[in-house]
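Colleague: let's see this in three dimensions:
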Amino acid sequence: MVSQGKKGNKLIWPMALVLFFLASGWLSSQTTLCTLEGVILDEQGEPLPGVAINLKNMETGYFYSTTSRADGRYIISGVQPGRYEIEVSLSGFKTQKQQGLIFNVGARLTINFTLSPATIQEEVVVVAQTPMVEITKSDVSKVIDRAKIDELPLIDRNFGSLAVMKPGVQGDRSNAQPAGSEEIIVDGVSNEWVGRNIQRASIPADAIEEFRVITNQFQAEYGNTSGMIWTAITRSGTNEFRGRLSFFYRDETFDDVNYFVNHAYYQGPELPKDQYEKPPYEHYLFGGFLGGPIKRDKAHFFLAYEGLRHTEYSTITSPLVPKETVDVTNDYNQVLVKFNYQLNEKNLFSLRYILNDQDQRNQGVGGLFTKERAYDYLVTLHELQAGWTLYPTDNSMNEFRFLFSDDLINLPAHVPENTYTIDRPSGYFGKYASIPQRHREQRIQIVENFSLFIGQHTIKLGVDYSRVGLSGYVYQFIPGQFIFTTDKPFDPADFSTYPLIFIYNKGVKDFDYPYTEAAVFAQDSWKVSRRLTLNLGLRWNYYSCKDISINHSDLRHLNPRFGFSWDPIGDGRTVIRGGFGTFMQNPQLNIGLIAGLMAAMDIRTIIFPNYPDPFKPNPFFPSIPGQIPIDKYSTEPNLVPPYSLQITVGGERQLLTDLSAGIDFVWTRGYRFTRLENLNPIIPGTINQRKDPTRGNQWVFTDNGRSDFKGMYVTVSKRFSHGWGLDIAYTLSQSKSDVETEQTSCWSYDEDAWERQYGPTNTDARHRLAITGIVNLPLGFQLSGLFYYQSKLPWNAIYPYDKNLDSLTGDYVDEHRNSRRGFDTCYLNLRFSKQFRVGRFRLQLFAEGYNVTNRVNFTTIFNRYGEPRFGQPIEADNPRQIQFGARLDF
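Modeller: Numbering: from 1, shown residues only. The predicted structure is shown next:
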């Protein structure tokens with residue numbers, strides 16, 4: 001599995017270890033590939049050496065082979081996910097063949113054989129079922145396969161939304177970790193935009209073969225995360241030409257309205273239909289794929305496309321301009337092209353290209369924001385990945401991967417760049433104060449890996465190097481922002497029409513931030529016995545980023561990991577698993593960007609400026625001298641990147657051929673999370689006195705954040721067979737922390753502020769339950785659905801004034817943050833389809849309903865203590881939405 005890590009220009013002593021691995025060729029990782037292993041015995045239970053094991057992909061014809069060792073054990077590694085046939089043969093014994101084995105992404109399957117003597121050449125062929133329990137793995141994970149991506153209701157075709165099927169997933173977070181603590185891997189390389197550690201490239205749902213969500217206890221080959229990992233593999237062509245055309249449509253006609261559209265307030269009467277209007281929109285999503293052979297059993301291609309045309313309408317209601325409705329559009333095109341080629345049994349090559357083209361127009365307009373404020377959000381991404389898997393000997397495997405990504409994000413304004421930002425009480429004019437912007441991230445990643453199979457040991461050693469450059473510009477307060485206290489038109493002779501404040505940038509707008517990450521790992525999957533496997537590993541991480549001071553010599557860059565998996569019965573159907581280890585997260589480049597760029601900008605304010613030229617004297621009031629500098633940002637020296645300590649123990653049992661159940665107990669403690677602390681705050685009780693009166697706020701990114709998570713995960717999985725499948729995922733958990741993002745700061749400057757900040761996380765729900773199912777009905781009909789329940793989330797009560805006189809409003813009412821509970825969430829999504837077959841063509845018509853019961857799920861709570869709406873919800877999640885579609889497969 002591919003290791004995600006760091007490397008730079010100061011690699012100190014661990015780099016010697018990296019060079020040793022490179023020199024010897026011992027570099028390994030298999031983030032998305034699979035492993036098949038087992039033992040071959042005779043009828044007396046004695047091991048059989050020299051047995052030929054042949055594994056063939058039933059769709060592509062790619063094949064792998066090996067022979068059993070003296071102890072009867074065999075192992076085949078580096079297997080692409082897919083549907084396989086396995087054949088074992090030895091002279092004098094009946095040949096056994098199992099067909100229909102499914103290898104999921106990152107799977108490690110154990111299949112044992114017992115061979116019977118044969119007087120003549122005999123063959124036993126069975127249709128096999130893939131084991132539902134992986135008895136040699138220690139991680140806590142779940143696979144979402146192709147069938148679920150295809151057949152479950154999936155709004156906006158966002159396959160990642162199915163991650164709720166995995167216990168422990170808290171939206172896009174896990175383990176009480178702050179935003180940006182996760183890692184996304186596609187085809188063994190990073191799919192992360194390092195500015196915020198979020199998804200970089202979008203991939204058509206039709207191009208995803210399957211993905212695995214690992215919340216805990218992943219091996220040393222994985223890095224860059226203190227939380228969970230999403231690892232996906234894209235589809236490949238097969239020996240059969242296959243294709244698809246699909247179309248999805250929805251608009252407001254069949255949708256219900258949000259609770260706060262047809263209710264004036266919480267628990268108020270429902271408004272008559274003539275007193276409200278459904279927000280109109282149009283949503284067209286279309287796409288498809290085509291894949292097939294270039295040369296059967298050798299070379300294949302796959303092409304996928306997805307497009308979106310979405311239009312909403314925003315109305316400008318400012319009384320200072322004529323009322324106007326503006327089209328707000330969101331269009332995108334996503335393309336994936338992939339080639340696979342097996343030169344021979346020892347060489348497998350792949351090449352993949354991704355294009356993202358996104359065009360969002362008229363953003364930031366509506367309400368008091370006039371048409372002048374409009375800007376566009378434009379994204380163009382090109383990504384190229386190449387891979388080569390080599391089997392130098394029968395007991396080794398080498399894997400090389402190369403990635404180049406170029407991601408350009410533009411936010412142009414609709415007015416000239418030198419237009420001032422103008423804020424009035426009843427209308428906002430000119431461009432946004434931080435627009436236009438341009439960001440370009442270019443990433444090169446090289447992964448060189450090697451696996452070695454020696455006796456009872458599967459040794460993996462690996463190195464991963466990425467060099468990232470983030471450059472561009474931000475017109476932050478360029479040319480500047482006027483803030484008025486009146487709506488009256490400007491009159492040079494009337495002092496009351498002059499602006500109160502002018503904010504401008506005296507420094508720079510451009511930035512260029514190099515970023516380096518490297519890692520080296522060593523791990524061993526040691527089969528101590530046929531029933532017990534120890535998964536041992538050690539990972540070292542290196543990170544380097546401009547304007548972030550990192551302590552590279554800290555021993556916490558070394559992440560030891562210990563896991564075990566034990567089959568107590570020995571039938572391959574039960575596993576007791578667990579382990580402990582540390583897991584380091586890569587720092588977000590946004591920290592350095594904020595600290596460095598804000599310092600270089602030198603943003604200042606002028607009180608009582610002139611207008612329209614703020615630098616000329618105000619004829620009524622002299623401008624405040626000194627042009628007061630505002631907030632400054634920096635990072636604390638010798639930061640240690642965030643990391644977590646995880647301890648897990650659990651088990652899983654295959655109850656029937658197609659039914660399994662499991663339970664895991666998890667404890668995660670998070671350390672060194674980034675947060676913002678003010679070193680020169682207003683002294684509480686003084687209203688405006690600072691420790692250093694000559695300076696403003698001095699914001700410093702520190703590594704003092706912490707978290708704590710305790711959880712119990714329960715799973716029940718009924719594999720799809722006999723026309724139906726079912727998955728149940730339940731989480732009982734408690735999450736606490738003092739940070740939610742890398743920019744979390746306190747709402748008070750009291751000495752105990754950070755202690756009071758430590759409390760339930762924003763995602764802390766005591767109970768979570770997800771149930772998904774697919775049922776084939778008579779006459780080609782199918783019903784599938786997702787039921788989700790989440791208990792009450794916390795919210796924070798604040799005073800609407802500056803209670804402790806430190807210039808900050810929003811002091812906590814309760815002893816700790818998030819001490820109150822709001823509302824639970826419950827929804828049911830359903831998909832009903834009818835299939836028609838004509839020859840090799842299959843047409844599917846379907847309707848999808850999201851929140852079909854139209855349950856009101858309240859979200860944001862009005863939290864200003866003492867005011868009339870205190871404790872009442874002021875926002876609600878989406879009501880019932882209906883989507884229609886058609887899909888033609890051939």
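Colleague: contacts, neighbours, all on C-alpha from now
Modeller: Noted.
Colleague: pull the contacting residues for the nearest residue to Y64 once chain neighbours are set aside.
Modeller: Of all residues not flanking Y64 in the chain, L55 sits nearest, at 5.1 Å (Cα to Cα, 6 or more residues apart in numbering). L55 makes contacts with F63, Y64, S65, Y84, E85, I86, E87, as judged by Cα atoms under 8 Å, 6 or more residues apart in numbering.
Colleague: how about L55, secondary structure?
Modeller: Here L55 is strand, with the state taken from DSSP: H, G, I helix; E, B strand; the rest coil.
Colleague: distance of it from S77?
Modeller: For L55, the distance to S77 equals 11 Å [Cα to Cα, to the nearest Å].
Colleague: what is the lengthiest helix in the chain packed up against?
Modeller: Counting by DSSP state H, the longest helix found in the chain is helix 589-601. Applying 3 or more Cα pairs under 8 Å, 6 or more residues apart in numbering; DSSP states H and E, we find helix 589-601 packed against strand 510-527, strand 632-635.
Colleague: got a markdown table for those strands, with mean pLDDT, mean neighbour count and distance to P280 too?
Modeller: Conversion of the helices and strands packed on helix 589-601 to a markdown table gives the following (pLDDT from 0 to 100; neighbours: other Cα atoms under 10 Å; distance: least, Cα to Cα, whole Å):
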| stretch | mean pLDDT | mean neighbour count | distance to P280 |
| --- | --- | --- | --- |
| strand 510-527 | 96 | 22 | 39 |
| strand 632-635 | 91 | 22 | 43 |
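Colleague: distance to F484 added to those strands, as CSV?
Modeller: Formatted as CSV, these follow (distance: least, Cα to Cα, whole Å):
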stretch, distance to F484
strand 510-527, 29
strand 632-635, 25
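Colleague: ok, which of those comes nearest L732?
Modeller: Closest of the helices and strands packed on helix 589-601 to L732 is strand 510-527, at 30.5 Å (criterion: Cα to Cα).
Colleague: after the longest helix of the chain, which helix or strand is next?
Modeller: As assigned by DSSP states H and E, the chain's next helix or strand after helix 589-601 is strand 603-607.
Colleague: next, the buried residues of that following strand.
Modeller: I603, R604, T605, I606, I607 (16 or more other Cα atoms under 10 Å).
Colleague: local confidence estimate at the fourth one?
Modeller: What that stands for is I606. Here the pLDDT value assigned to I606 is 90.
Colleague: got it, and the first one?
Modeller: In the prediction, the pLDDT value recorded for I603 is 85.
Colleague: thought it was touching V508?
Modeller: No: look at I603 against V508 with Cα atoms under 8 Å: they stay out of range, at 9.6 Å.
Colleague: so for stretch 854-872, mean pLDDT?
Modeller: According to the model, stretch 854-872 has a mean pLDDT of 96.
Colleague: surely I774 is in a strand?
Modeller: Yes: assessed by three-state DSSP, I774 belongs to a strand.
Colleague: residues in contact with it?
Modeller: E151, L152, F720, W724, G725, L726, Q782, L783, S784, G785 are the contacts of I774 under Cα under 8 Å, 6+ apart.
Colleague: output those residues as JSON lines; include the columns distance to Y671.
Modeller: Shown next, in JSON lines, are the contacts of I774 (distance: Cα to Cα, whole Å):
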{"residue": "E151", "distance to Y671": "40"}
{"residue": "L152", "distance to Y671": "38"}
{"residue": "F720", "distance to Y671": "41"}
{"residue": "W724", "distance to Y671": "44"}
{"residue": "G725", "distance to Y671": "40"}
{"residue": "L726", "distance to Y671": "37"}
{"residue": "Q782", "distance to Y671": "47"}
{"residue": "L783", "distance to Y671": "45"}
{"residue": "S784", "distance to Y671": "41"}
{"residue": "G785", "distance to Y671": "39"}
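Colleague: take those and keep only those in strands.
Modeller: Among the contacts of I774, the residues falling in strands (DSSP state E) are F720, W724, G725, L726, Q782, L783, S784, G785.
Colleague: just those residues now: which is nearest T419?
Modeller: Nearest to T419 among those, with distances taken as Cα to Cα, is G785, at 50.9 Å.
Colleague: what's the separation between that closest one and W724?
Modeller: 12 Å.
Colleague: joint contacts of those two?
Modeller: By Cα under 8 Å, 6+ apart, the residues touching both G785 and W724 are G773, I774.
Colleague: the more surrounded of those two?
Modeller: G785 (23 against 16; other Cα atoms under 10 Å).
Colleague: C-terminal to the lowest-mean-pLDDT helix or strand in the chain, what's the next element?
Modeller: Scoring the helices and strands of the chain by mean pLDDT, DSSP states H and E places helix 14-24 at the bottom, with a mean of 34. Sequence-wise, the next helix or strand downstream of helix 14-24 (DSSP H and E) is strand 34-42.
Colleague: contacts for that next one, please.
Modeller: By Cα under 8 Å, 6+ apart, the list of residues contacting strand 34-42 reads 47-49, 51, 68, 71-81, 103-116.
Colleague: from the chain's centroid, how far away is that strand?
Modeller: 34 Å (Cα atoms, centre = their mean, to the nearest Å).
Colleague: which of the residues in that strand are buried?
Modeller: The neighbour-count criterion (16+ other Cα under 10 Å) identifies C34, T35, L36, E37, G38, V39, I40, L41 as the buried residues of strand 34-42.
Colleague: beta partners of the third one?
Modeller: Spelled out, it's L36. L36 forms beta bridges with I76, L109, as assigned by DSSP bridges.
Colleague: pLDDT (mean, whole number) over stretch 836-846?
Modeller: Rounded mean pLDDT across stretch 836-846 is 95.
Colleague: can I get that stretch in PDB, CA atoms only?
Modeller: Extracted as PDB, the C-alpha positions of stretch 836-846 are listed here (Å, rounded to 0.1, in the frame of the first residue of the first chain):
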ATOM      1  CA  PHE A 836     -35.500  -3.300 -19.400                       C
ATOM      2  CA  ARG A 837     -33.200  -5.700 -21.400                       C
ATOM      3  CA  VAL A 838     -32.900  -5.800 -25.200                       C
ATOM      4  CA  GLY A 839     -30.000  -8.000 -26.300                       C
ATOM      5  CA  ARG A 840     -26.900  -6.700 -24.800                       C
ATOM      6  CA  PHE A 841     -28.500  -3.400 -23.900                       C
ATOM      7  CA  ARG A 842     -29.900  -2.700 -20.500                       C
ATOM      8  CA  LEU A 843     -32.100   0.400 -19.900                       C
ATOM      9  CA  GLN A 844     -32.800   1.400 -16.300                       C
ATOM     10  CA  LEU A 845     -35.300   4.100 -15.400                       C
ATOM     11  CA  PHE A 846     -35.400   5.300 -11.800                       C
END
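Colleague: re the thing from before, out of the contacts of strand 34-42, which are buried?
Modeller: Going by neighbour count (16+ other Cα under 10 Å), those have 47-49, 51, 68, 71-81, 103-110, 114-115 buried.
Colleague: tell me which of the residues you listed fall in helices.
Modeller: Using DSSP H, none of the buried ones among the contacts of strand 34-42 sit in helices.
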